[in-house]
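Novice: Give me coordinates for this.
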Amino acid sequence: VNMTDNSSLTLGAVPTANISVKVQRSGESWITGTTLVTAPVGADSKITLAAAEESEFADYEFQYESDAENVTWTINSANAGGGSGSGDGTGSEGSGGEGTNPAGNVFYVDGVVRDNADGKTAETAFKTLAEAYNAINAFNEANLDNTVAYIVVCGNVDASDSGLISYLTIENQTKYENTLMFPAHSGEVVLTSKIGAEDYTQAASLSFGSGKDKQYMLQGATTFENINISSYAKELYAGFYNLTLGDGITGDSNLSYYPAQTVYLGFKRAKSGLSYNNDNSKASAFVMNSGKLQKFYAGTCSWTSTYSNMSVTVNGGVIDTLYGTSNINSSVQSKVEITINGGNVNKCYGVCNQVNVGGDGVTITIKKDATVGTVSAVEPANTDKNYVAKLNGPATLNLVGYDLSTAIPGTISDFDYMGLINSTVQIAAVWDGMTGVNMTDNSLLKFESAPSEKIEVVAFKSGDEWQTTNPLIQAPSSTAADIFNLM
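Specialist: Residues are numbered from 1 along each chain as shown. Now for the predicted structure:
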């Protein structure tokens, strides 16, 4: 058995043959105290556990325990002492005393000045985020480790008073006086108030300052998760690095948005001295599981740029308006891809009305658990300012897992193709420009009114065999016999 340390295997009987269990870390630190394997008494002679990488396991050991019915194995800190201690300082006889933070690249910040601050525990936390980033970079350099690092917000931390450098240092214009830059870093940094058994989410918070115009630029892959926001950023820029709004992001009750009002996957301006991902061969991804945004753009802000390989995935949270591109003056070389698995998106536009998208076009996929109001391949033109989106490729809307009890988006427009995967969907009429339907053979598309333009329907097998009893298309009896071309 090969398993990660956040997995658990329970056996219902004693194995008849010997079993070797190899365990690998799921993150930067070993998870201690979690039961890895449970089996009936007698299985201990059949099961052996070892770390997949012994060099990473030097300060840890596998703990074996037995009662009248079962034997279990967990990971324990090697210095936790004898007895049944879990390595977090809460065990019985011979336990390791005070709890320690997980090994690895983990640093604590609480906004408090102290003489003994080294950031390694909550009791010796750094005051500022800048100190934590500096410690992360030093750790990465010393250990050649560029994977995942954690900043644990364990007190009330104000990002606007946390040692971040002003953008004015690289572009001296007064309009940037409220723009701050998170330090550049390699690998991913997770900002959280919860790590392992330590949970500060109720007592700690992250503020982006009291000013409503505070803007922040990230300079490396970043995840926010399990953290309370006490004041939001006006704008947050990911610099074309991966950005994840993970689980458990909350906001004070008076906040309209958290962690930011508007999020850009790109940058505000590309200038020497600002770290951003300018390698178009590397995909940039935005993933949202929680939080609340007014707007999201999968590109830059008011800056001419050409970019590609953007992906947007919404699993939860709330976005009022989601754009698959920048907000102005941009050319997207490859296709725009947006997937909405859950959450609430009021308006979703593949292309903003000042952006040019290349020949691969736009694909938006929506699953039944998501709530979406308006979805369109392009944002409506702004005739007052002569803003018109340019889409030079096909536009496809995929609906996944829908049935007639699930409301499809309230307004659908500007798509060339509809894709149905395991879905039954009823539409009032064909929207302008719709020329084709791609559907699995267990899907059904029902038209309330007869289409007047020819539609090409391409069917795909949903399994190993074609389903021969399900209708694919239902339309009023007045529909012309040759209106659909099925392939």
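
Novice: gap between stretch 257-273 and the chain center?
Specialist: Computed by CA atoms, centre = their mean, to the nearest Å, the chain-centroid distance of stretch 257-273 equals 16 Å.

Novice: Please identify the buried residues of that stretch?
Specialist: Residues 257-269 are the ones in stretch 257-273 that count as buried (16 or more other CB atoms under 10 Å). Where C-beta positions appear, they are placed from N, C-alpha and C, glycine not excepted.

Novice: And the furthest pair within those?
Specialist: The span of those, defined through CB to CB, is set by 258 and 269 at 25.4 Å.

Novice: related to what we said a few turns ago, let me know the closest of the buried residues of stretch 257-273 to residue 140.
Specialist: Closest to residue 140 out of the buried residues of stretch 257-273 is residue 267 (22.6 Å), distances taken as CB to CB.

Novice: For residue 298, see how far away the closest one is.
Specialist: Distance of residue 267 to residue 298, given as CB to CB, to the nearest Å: 13 Å.

Novice: Likewise for residue 257?
Specialist: From residue 257 across to residue 298, the span is 18 Å (CB to CB).

Novice: go on, residue 29?
Specialist: Applying CB to CB, the value for residue 29 to residue 298 is 32 Å.

Novice: Compare neighbour counts for those two and give me the winner.
Specialist: Remark: of residue 29 and residue 298, residue 298 carries more neighbours, 28 against 20, as counted by other CB atoms under 10 Å.

Novice: now the buried residues of stretch 257-273 as TSV including distance to residue 223 and secondary structure?
Specialist: Below are the buried residues of stretch 257-273 laid out as TSV (distance: CB to CB, whole Å; DSSP: H, G, I helix; E, B strand; the rest coil):
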residue	distance to residue 223	secondary structure
257	18	coil
258	15	strand
259	11	coil
260	14	strand
261	20	strand
262	19	strand
263	13	strand
264	17	strand
265	14	coil
266	18	coil
267	19	coil
268	21	coil
269	25	coil
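
Novice: Among the residues you listed, show me the least confident.
Specialist: Lowest pLDDT among these: residue 269, with 65.

Novice: quick one: contacts of stretch 42-51?
Specialist: By CB atoms under 8 Å, 6 or more residues apart in numbering, the list of residues contacting stretch 42-51 from outside reads 11, 14-24, 36-37, 39, 57, 60, 62, 64, 66, 71, 73.

Novice: Correct me if wrong: residue 134 contacts residue 184.
Specialist: No - counting by CB atoms under 8 Å, residue 134 stays clear of residue 184, with 11.0 Å between them.

Novice: Give me the three-state assignment for the closest residue to residue 487 other than its chain neighbours.
Specialist: Computed as CB to CB, 6 or more residues apart in numbering, the closest residue to residue 487 that is not its neighbour in sequence is residue 458, at 5.0 Å. Here residue 458 is strand, with the state taken from DSSP: H, G, I helix; E, B strand; the rest coil.

Novice: does residue 458 have beta-bridge partners, and which?
Specialist: Beta-bridge pairing of residue 458 under DSSP bridges involves residue 438.

Novice: what number of residues lie near it?
Specialist: Counted with other CB under 10 Å, the neighbours of residue 458 add up to 13.

Novice: How about the one 4 residues further on?
Specialist: Burial of residue 462, expressed as a neighbour count using other CB under 10 Å, amounts to 16.

Novice: how close does it sit to residue 324?
Specialist: Distance from residue 462 to residue 324, by CB to CB: 28 Å.

Novice: now residue 122
Specialist: Going from residue 122 to residue 324 by CB to CB gives 40 Å.

Novice: just residue 357 next, same as before
Specialist: Counting by CB to CB, the gap from residue 357 to residue 324 is 8 Å.

Novice: which residues sit in contact with residue 244?
Specialist: With CB under 8 Å, 6+ apart, residue 244 has these contacts: 222-225, 286-289.

Novice: same check, this time on residue 287
Specialist: Taking CB under 8 Å, 6+ apart as the criterion, residue 287 is in contact with 242-246, 313, 315.

Novice: and it, bridged to which residues?
Specialist: Beta-bridge partners, per DSSP bridges, of residue 287: residue 244, residue 313.

Novice: How much space separates it from residue 313?
Specialist: Remark: distance between residue 287 and residue 313 (CB to CB) = 5 Å.

Novice: And for residue 440?
Specialist: Residue 440 sits 21 Å away from residue 313, going by CB to CB.

Novice: Isn't residue 348 up against residue 340?
Specialist: Yes - contact status for residue 348 versus residue 340: in contact at 6.9 Å, counting by CB under 8 Å.

Novice: Can you work out which residues contact both of these two?
Specialist: The overlap between the contact sets of residue 348 and residue 340 (CB under 8 Å, 6+ apart) consists of 364, 372.

Novice: More neighbours: residue 122 and residue 324, which one.
Specialist: residue 324 (29 against 17).

Novice: thought the more buried one was touching residue 312?
Specialist: Yes - Residue 324 lies in contact with residue 312 (CB under 8 Å); the separation is 6.2 Å.

Novice: Overlap in contacts, these two.
Specialist: With CB under 8 Å, 6+ apart, residue 324 and residue 312 have common neighbours 298, 337-338.

Novice: Could you dump these into a markdown table with distance to residue 468, pLDDT and secondary structure added?
Specialist: Formatted as a markdown table, the shared contacts of residue 324 and residue 312 follow (distance: CB to CB, whole Å; pLDDT from 0 to 100; DSSP: H, G, I helix; E, B strand; the rest coil):
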| residue | distance to residue 468 | pLDDT | secondary structure |
| --- | --- | --- | --- |
| 298 | 41 | 89 | coil |
| 337 | 33 | 89 | strand |
| 338 | 34 | 94 | strand |
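
Novice: List just the nearest of those residues to residue 140.
Specialist: Using CB to CB, residue 298 comes nearest to residue 140 of these, at 28.0 Å.

Novice: For that closest one, list the residues it contacts.
Specialist: For residue 298, the contacting residues are 265-266, 286, 310, 312, 323-326, 336, 338, by CB under 8 Å, 6+ apart.
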